[in-house]
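Q: Generate a structure from the sequence data that follows.
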Amino acid sequence: MNNELVRSEHREGIAILTLNRPDKLNAINKAMIEQLGHALDAAEANDSVRAIVVNGAGRAFSAGFDLDMESEAVRQSLENDFRIIMRFWDSPKVTLAATHGYCLGSAMELALACDITIASDECRFGAPEVRFGSGIVAMLLPWLAGPKHAKYFLLSGDDRVTAQHALDVGLINRVVPAGRALDETLDLAQRIAANDALAVKLTKQAINRSLDIAGMRQALLQALELNISIETSETAESREFNAILKREGAKAAIAWRSARASRGTTGHSS
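A: This is a model prediction of the structure:
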């Protein structure tokens, strides 16, 4: 089906969800979020499913989320993004991500929200939002990698972080050879599915609740509010950046901002 943006299949107790917009590097738009939500609903309601694996078709896991600000309010759009990311964290089933190619922006947050993430060695991670004047939807990085690593990722906007670096700072669980991420993830999912279902479910809950007791959920919601402020505020710099972005593209807009910064020019709120 041409409109099947999320493919879903069941295999030996595992629901396999495939992001299926390869011509756009699986950039996740509003329609894909809706289909992904339905696929999760079905997998979670199916007693035969013990683990959920998410992966991407084509050359990448996902290059990030599309923000369709023209068709809905900014707050609603960002809240929808936040909810679909946290569905993987909150799911009563074990969730696993198999990443390859690119895993960027909010798509990286989705992969981090999964209980286990396995990446192919050529996969590149990153959170380039600040380069475009955007913020972070689900501020999971400080909780998973610590504040120093989170600040490097989120303040530099580096979008070429290697899988090995992501492994070293605790963002993923394993690096495997190119072309092996999905197979290795499915093998692990099958081992998890063979364990006692109730014990697995409650152990996941115990781990997640320990982070909630430490304040993670409230911190994520506060960070979401700050992101909404970022997306709804306008400065002289952001106006000019967005004009260049629309007229000449991302490369030109980023080059303009870099040149501006090197001259020591600052923007002022309107």
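Q: who touches stretch 135-153?
A: 65, 78, 81-82, 85-86, 89, 106, 109, 112-113, 126-127, 129, 154, 158, 161, 169-171, 211, 216, 219-220, 223-224, 226-227, 229-231 (C-beta atoms under 8 Å, 6 or more residues apart in numbering). In this view, the C-beta of every residue, glycine as well, is placed from N, C-alpha and C.
Q: Can you point out the buried residues in it?
A: 135-145, 149-150, 152-153 (16 or more other C-beta atoms under 10 Å).
Q: Can you give me the end-to-end span of it?
A: Terminal residues of stretch 135-153 are spaced 12 Å apart (C-alpha to C-alpha, to the nearest Å).
Q: now swap in stretch 108-126 and tell me
A: End-to-end distance of stretch 108-126 (C-alpha to C-alpha): 7 Å.
Q: how about it: buried residues?
A: Neighbour counts over stretch 108-126 (16+ other C-beta under 10 Å) mark 108-121, 123-126 as buried.
Q: Counting by contacts, list what whichever strand or helix holds N242 packs against.
A: Using DSSP states H and E, N242 sits within helix 236-248. Applying 3 or more C-beta pairs under 8 Å, 6 or more residues apart in numbering; DSSP states H and E, one finds that helix 236-248 contacts helix 250-262.
Q: sorry, back to before: return the closest of the buried residues of stretch 135-153 with respect to R59.
A: Of all these, F153 has the smallest distance to R59: 22.4 Å, by C-beta to C-beta.
Q: do you know how far the closest residue to I230 other than its chain neighbours is from S233?
A: Setting aside the residues directly before and after it, I230 is nearest to G135 in space (C-beta to C-beta, 6 or more residues apart in numbering), at 3.8 Å. Computed as C-beta to C-beta, to the nearest Å, the G135 to S233 distance reads 10 Å.
Q: Could you do F125 as well?
A: In terms of C-beta to C-beta, F125 sits 27 Å off from S233.
Q: who touches the residue nearest to V130 when sequence neighbours are not counted in this structure?
A: Excluding its sequence neighbours, the residue lying closest to V130 (C-beta to C-beta, 6+ apart) is G157, at 4.7 Å. Contact partners of G157, counting by C-beta under 8 Å, 6+ apart, are 126-131.
Q: try it again with 6 Å
A: Listed by C-beta atoms under 6 Å, 6 or more residues apart in numbering, the contact partners of G157 are 128, 130-131.
Q: Tell me the buried residues within these.
A: Among the contacts of G157, the ones that count as buried by 16+ other C-beta under 10 Å are 128, 131.
Q: follow-up on the earlier one: what touches both of G135 and S233?
A: In contact with both G135 and S233: no residue, using C-beta under 6 Å, 6+ apart.
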